[in-house]
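*Asks:* Compute the structure for the input listed below.
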Amino acid sequence: MKPRKKGFTLLELLIVLVIIAILATIGINRFWQVKDEGLLSSVKSDLRNLATAQEDYFGQNYTYATAAADLAPVGFRPSPGVTITLTFVQQDGWAGNATHVSLGGKQCGFYTGNAPAAQGAPATVNGVIGCN
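*Replies:* Residues are numbered from 1 along each chain as shown. Alright, predicted model coming up:
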């Protein structure tokens with residue numbers, strides 16, 4: 001009988017590779033999920049900042065800004081990759097939505113005052129950010 005040489009068999013190495021592949025797949029999926037949650041938080045934060053900037057703008061000009069770019073004098077700048085669109089602006093209310101280029105079709109909306117809820121879609125409650 002020959003003495004066994006030290007080392008790993010091919011089967012043992014394949015089992016280790018399969019286990020590593022499964023763990024890597026789980027980790028990558030979780031990474032993308034956390035990344036998307038972070039981008040969605042960025043969009044929501046920009047909408048909150050937009051609401052504050054609109055009220056500052058209203059305090060100075062007695063009207064709401066009709067475009068997000070008009071809010072630069074009060075210090076509003078959206079985060080990189082976030083697109084803000086004001087969908088409804090009148091003297092007694094406004095509505096808008098925000099998207100991020102990396103989130104695909106997901107968007108968040110906000111409306112306040114007498115703005116129609118449909119203009120702030122996907123928001124459904126006045127003054128509360130809603131996302132789809």
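*Asks:* On the three-state scheme, the residue most central in space within the chain is what?
*Replies:* Taking CA atoms, centre = their mean, the centroid of the chain lies closest to residue 40, which sits 1.9 Å from it. Of the three states, residue 40 takes helix under DSSP: H, G, I helix; E, B strand; the rest coil.
*Asks:* how close does it sit to residue 21?
*Replies:* Here residue 40 is placed at a distance of 29 Å from residue 21 (CB to CB, to the nearest Å). (C-beta placed from N, C-alpha, C; glycine too.)
*Asks:* Same question for residue 35.
*Replies:* Taking CB to CB, one finds residue 35 at 21 Å from residue 21.
*Asks:* repeat for residue 46
*Replies:* Going from residue 46 to residue 21 by CB to CB gives 38 Å.
*Asks:* now swap in residue 69 and tell me
*Replies:* Separation of residue 69 from residue 21 (CB to CB): 48 Å.
*Asks:* now do residue 70
*Replies:* For residue 70 relative to residue 21 (CB to CB), the value is 52 Å.
*Asks:* Settle it for me: which of the two has more neighbours?
*Replies:* Taking other CB atoms under 10 Å, residue 70 and residue 21 do not tie; residue 70 has more neighbours (17 against 10).
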